[in-house]
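Trainee: Return atomic coordinates for the entry below.
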Amino acid sequence: MVNSFFAFQKLLVWQKSRQLVKDVYLAISDFPAVEQYTLTAQIRRAVVSVPSNIAEGSSRGSDRDQVQFLEIAYGSLVETFCQLQIAVDLGYLTQENFDRLAPQFEELGKMLSVLRRNKQSKIL
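Mentor: Take a look at the predicted model:
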C-alpha cells in the first residue's frame, strides 16, 4: 500500500470493504441495461457506502460519532447483500456468483460488529 495519510487506510476492515466494492462492481457489470439507473445504481451506492462510512467515521473525534458511522456502514453492507439476493431472484446474478461474494459479507459484518462493540464499550 502507498503511504497512509489517513488512519482509516490502515484498518483491515476498510481495506477488505474496498475489495468488496471491486468484487461487487465486477459481479453486477453484466446486469441488463434497463437496470442501469435502478438496481445496479442502488447496489453501487450501497456498497460504496461501506468503506466511505468507515473512513468518515474514523475522522470523527468522539467514539459516539464513530459508532454512528460504523452502524451506517453495517446497514449499507446488509442493504447490498439484500439487493444482491434480489438480483439472484430476478436472474441477473447467478447463485454461484452470489455464493462467492457471501463470505466477504459475513466477514465484514463480523469485523464491523466487533469494531462497533469496542467503540461502544468506551462510551458506556
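
Trainee: low pLDDT regions in this structure?
Mentor: 1-3, 124 (pLDDT under 70).

Trainee: in it, which residue is closest to the centre?
Mentor: What sits nearest the mean C-alpha location of the chain, by Cα atoms, centre = their mean, is Val50, with 3.4 Å.

Trainee: Can you tell me how far that one is from Ala102?
Mentor: 15 Å (Cβ to Cβ, to the nearest Å). For the C-beta atoms, the positions are set from N, CA and C on the backbone; glycine is no exception.

Trainee: how much space between Cys82 and Ala46?
Mentor: 9 Å.

Trainee: More neighbours: which of those two?
Mentor: Between Cys82 and Ala46, counted using other Cβ atoms under 10 Å, Ala46 has the larger neighbour count: 20 against 12.

Trainee: what's the helix or strand for that one?
Mentor: helix 39-58 (DSSP states H and E).

Trainee: which strands and helices sit next to that helix?
Mentor: helix 12-27, helix 63-89 (3 or more Cβ pairs under 8 Å, 6 or more residues apart in numbering; DSSP states H and E).

Trainee: Would you agree Ala55 is in contact with Phe6?
Mentor: Yes. Contact criterion Cβ atoms under 8 Å: Ala55 and Phe6 qualify, at 7.0 Å.

Trainee: which of these two has more neighbours?
Mentor: Ranked by neighbour count (other Cβ under 10 Å), Ala55 and Phe6 place Ala55 first, with 19 against 11.

Trainee: how much space between that one and Ser121?
Mentor: From Ala55 to Ser121 the distance is 22 Å (Cβ to Cβ).

Trainee: go on, Glu79?
Mentor: Distance from Glu79 to Ser121, by Cβ to Cβ: 26 Å.

Trainee: List the residues that contact the residue lying closest to Phe81 once chain neighbours are set aside.
Mentor: In this structure, Phe81 finds its nearest non-sequential neighbour in Phe105, 4.9 Å apart by Cβ to Cβ, 6 or more residues apart in numbering. Counting by Cβ atoms under 8 Å, 6 or more residues apart in numbering, Phe105 touches 20, 77, 80-81.

Trainee: before we move on, what about Lys122?
Mentor: Per Cβ under 8 Å, 6+ apart, neighbours of Lys122: Asp63.
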